[in-house]
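A.B. asks: what would the 3D arrangement of this be:
(chains A and B)
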Amino acid sequence: MKSELVGLAALMALATYPWRAIPLLAPGVDRLPRQALAYLRLVGPAMLAALAAASVMVSLDSERHPSLHVGPEWLAVALCVGIVWRWRNLLVGLVVAAVLIAVLRAAGIATLP
Amino acid sequence: MRRQLRQDVRALSGSGPTDRVELAVSRRQLVRDGLGIIASAGGFGLVYGLAARAAGFSPLEAGAMSVLVFAGASQFAAVGYVLGGFSWFGVVVLTAFINARHFLYSAALAPYFGRTPRPVRAIVAHVLTDEAFALSIAHFRRIGRMDLPGYWWAALGTTFVPWNVATLVGVVVGGQIPDPGRFGLDVIFPAAMAGLAVGLMTGRREVVAALVGAVVAVAVSLVWDPAAGILAGGLLGPLVGLVMPGPPVSHLHPDDPLLLGGAETAERLEAGLGDLTRATDDRRR
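C.D. replies: Numbers count the residues shown, from 1 in each chain, chains lettered A, B, ... in the order given. Take a look at the predicted model:
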C-alpha cells in the first residue's frame, strides 16, 4: 500500500499543532488580566458566527477562488437559528435544516454543493 | 503549593448536589447537541475519503491525514494541492494558514484548562477542532468551569471517531456511497455553528461581536480567502464587541474563569480554603 503521503500528513500536523497548543500550554494562562478575559469571552460567538457565515455564503471553486453563494442554504441556517433561539434545541434545528435542503435538492430546486 | 491548594478547594466546593445536577443537565444538552455534529462529521469525512481516493491517496495516507492533521478544511485543500502537483512545502505553508484560527479556539478555552495537567492539555490541543470548540465552550459556559469528560465527548465522540471512521469508509468503499449532499448533510456544519453561536449570545457585546465577526468573515473571504476571512472575523468581532458600552456579564456562571480575573480567581479560592480550615478547626474544638 502506498505510504509516501504519510510524511506530508506528519508535516501538516506539525504546521497545525502549534496553533492549537500554544495558548493551552502557555504558563500562567489561568491568571490572565481582566481585559484579556473580556476579549476571550467574545471570541466564541465571533468565531462561530464567522465560520457559519463564511461556510454558507462563500463557495470555492477547484482552485480556491471565492465567490458569493446565494441559495436556500441561507434559509436552512436561518431556520435552525430561529429554532435554537425560540426553543433552545439545536438537534431539532439541524434536522429541520438538513431535511429542508434534502427535499429542495430532491425536487430540483436547490443544487448540490 | 498554590496549585495544590486551589485544586483542593475546587474539588470540595464543586461537588455539591446543585453542581452535580447542573453538570448532568448540561452534559445531557451536550450529548444532544453532539448528535447533529456526528452526522456532519460523518458526512464530511465520507466526502473527504472519496476525494482522497479520487486523488490517488491510499487508505493509509488518507487515514494518516485524518488522524494526524485532523482538520477538515486543510485536508480537503491538501487533496486539491496534491492533485495539482503543489510542492510539499507549499502544502504545509497553506495548511498553517488555513488552520491559524485554531489559535483563537485554544486561547478562548485556555482559561478553563488552567488547572489541568500539561500532558492532558497537550492531548486536548490535538483534537481541538471547530466542532469541539463550539460544543465545549457552550458546555463550559453553562457550568462555569471545565469538564474533561464533556470535552472528550465533544472532541472525540462527536468528531474524531466519526471523522476517521467515515474517512476510511469513503476511501475504501469509494463510489458506491451516495453523495451526502443529497441528504442535506453539508448544511449541518454552518447550521450547527450558527446555532451554537446563538447559545453564546447572551449580552449586547456578544451579539455585536458575532455580527461583526460574520460580516468581516464574508467580506474578507470574498476578497481573499475563507481561511483569512474566518480568522479576521474571529479577531475583529471581539474587538468591536468590547467597544460597546457596559459589560452585561450577569449571564455568566459566577465561577466562570472568564468572568473573574486570574488573580481574583486565586483570591476567591484561597479565601474559600481559609473558611474551610476555620470551619474544620471549629468542629474539632
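
A.B. asks: show the subsequent helix or strand relative to the helix or strand residue A:36 falls within.
C.D. replies: Using DSSP states H and E, residue A:36 maps to helix A:34-57. Using DSSP H and E, the helix or strand that follows helix A:34-57 in sequence is strand A:58-60.

A.B. asks: all helices of the stretch 51-200 of chain B, in order?
C.D. replies: B:59-64, B:72-83, B:88-98, B:102-109, B:118-126, B:130-143, B:148-152, B:161-173, B:188-200 (DSSP state H, counting those that start in this stretch).

A.B. asks: what's the helix holding residue A:36 packed up against?
C.D. replies: helix A:72-87, helix B:102-109, helix B:130-143, helix B:188-200, helix B:204-223, helix B:226-243 (3 or more Cβ pairs under 8 Å, 6 or more residues apart in numbering or on different chains; DSSP states H and E). The way it works is simple: take the backbone N, C-alpha and C, and place the C-beta from them, glycine included.

A.B. asks: residue of chain A nearest chain B, please.
C.D. replies: Residue nearest to chain B within chain A: residue A:30 (2.3 Å; Cβ to the nearest Cβ).

A.B. asks: right, so the helices of the stretch 51-200 of chain B: which one is the most enclosed?
C.D. replies: Mean neighbour count, computed with mean count of other Cβ atoms under 10 Å in any protein chain shown, is highest for helix B:188-200 among those, reaching a mean of 28.

A.B. asks: restricting to C-alpha, output it in CSV.
C.D. replies: The C-alpha coordinates for helix B:188-200 follow below in CSV (Å, rounded to 0.1, in the frame of the first residue of the first chain):
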residue,chain,number,x,y,z
ILE,B,188,-25.4,20.8,9.2
PHE,B,189,-22.0,22.3,9.8
PRO,B,190,-22.9,26.0,9.2
ALA,B,191,-26.3,25.5,10.9
ALA,B,192,-24.6,23.9,14.0
MET,B,193,-22.0,26.7,14.2
ALA,B,194,-24.8,29.4,13.9
GLY,B,195,-27.0,27.6,16.4
LEU,B,196,-24.2,27.2,19.0
ALA,B,197,-23.3,30.9,18.5
VAL,B,198,-26.9,31.8,19.4
GLY,B,199,-26.4,29.9,22.6
LEU,B,200,-23.4,32.1,23.5
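
A.B. asks: which residue is the nearest non-sequential neighbour of the residue nearest to the spatial centre of chain B?
C.D. replies: The residue lying closest to the centre of chain B (Cα atoms, centre = their mean) is residue B:133, at 0.9 Å. Distances taken as Cβ to Cβ, 6 or more residues apart in numbering or on different chains place residue B:105 nearest to residue B:133, at 4.1 Å, with adjacent residues excluded.

A.B. asks: any idea of the pLDDT on that neighbour?
C.D. replies: As predicted, residue B:105 sits at a pLDDT of 95.

A.B. asks: ok, now which ones touch it?
C.D. replies: Shown in contact with residue B:105 (Cβ atoms under 8 Å, 6 or more residues apart in numbering or on different chains): A:20, A:43, A:47, B:128, B:130, B:133.

A.B. asks: count the residues that sit near residue B:58.
C.D. replies: For residue B:58, the tally of surrounding residues (other Cβ atoms under 10 Å in any protein chain shown) stands at 17.

A.B. asks: the closest residue to it other than its chain neighbours in helix, strand or coil?
C.D. replies: Computed as Cβ to Cβ, 6+ apart, the closest residue to residue B:58 that is not its neighbour in sequence is residue A:2, at 4.1 Å. Counting by DSSP: H, G, I helix; E, B strand; the rest coil, the backbone at residue A:2 sits in coil.

A.B. asks: thinking residue A:2 is in contact with residue B:61, fair?
C.D. replies: Yes: between residue A:2 and residue B:61 there is a contact under Cβ atoms under 8 Å: 6.4 Å.

A.B. asks: returning to what we had before: just checking, the residue of chain A closest to chain B touches residue B:146?
C.D. replies: No: here residue A:30 does not reach residue B:146: they are 10.4 Å apart, not a contact under Cβ under 8 Å.

A.B. asks: shared neighbours of the two, anything?
C.D. replies: residue B:115.

A.B. asks: may I see the buried residues of the host helix or strand of residue A:102?
C.D. replies: Element membership for residue A:102, per DSSP H and E: helix A:90-106. Counting neighbours by 16 or more other Cβ atoms under 10 Å in any protein chain shown, one finds that the buried residues in helix A:90-106 are A:90-98, A:100-102, A:104-105.

A.B. asks: got those as JSON lines, with distance to residue B:224 and pLDDT columns?
C.D. replies: Shown next, in JSON lines, are the buried residues of helix A:90-106 (distance: Cβ to Cβ, whole Å; pLDDT from 0 to 100):
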{"residue": "A:90", "distance to residue B:224": "31", "pLDDT": "91"}
{"residue": "A:91", "distance to residue B:224": "35", "pLDDT": "90"}
{"residue": "A:92", "distance to residue B:224": "36", "pLDDT": "93"}
{"residue": "A:93", "distance to residue B:224": "31", "pLDDT": "94"}
{"residue": "A:94", "distance to residue B:224": "30", "pLDDT": "93"}
{"residue": "A:95", "distance to residue B:224": "34", "pLDDT": "93"}
{"residue": "A:96", "distance to residue B:224": "33", "pLDDT": "96"}
{"residue": "A:97", "distance to residue B:224": "28", "pLDDT": "95"}
{"residue": "A:98", "distance to residue B:224": "30", "pLDDT": "93"}
{"residue": "A:100", "distance to residue B:224": "31", "pLDDT": "96"}
{"residue": "A:101", "distance to residue B:224": "28", "pLDDT": "95"}
{"residue": "A:102", "distance to residue B:224": "32", "pLDDT": "94"}
{"residue": "A:104", "distance to residue B:224": "31", "pLDDT": "95"}
{"residue": "A:105", "distance to residue B:224": "30", "pLDDT": "93"}
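
A.B. asks: brilliant, that's me finished.
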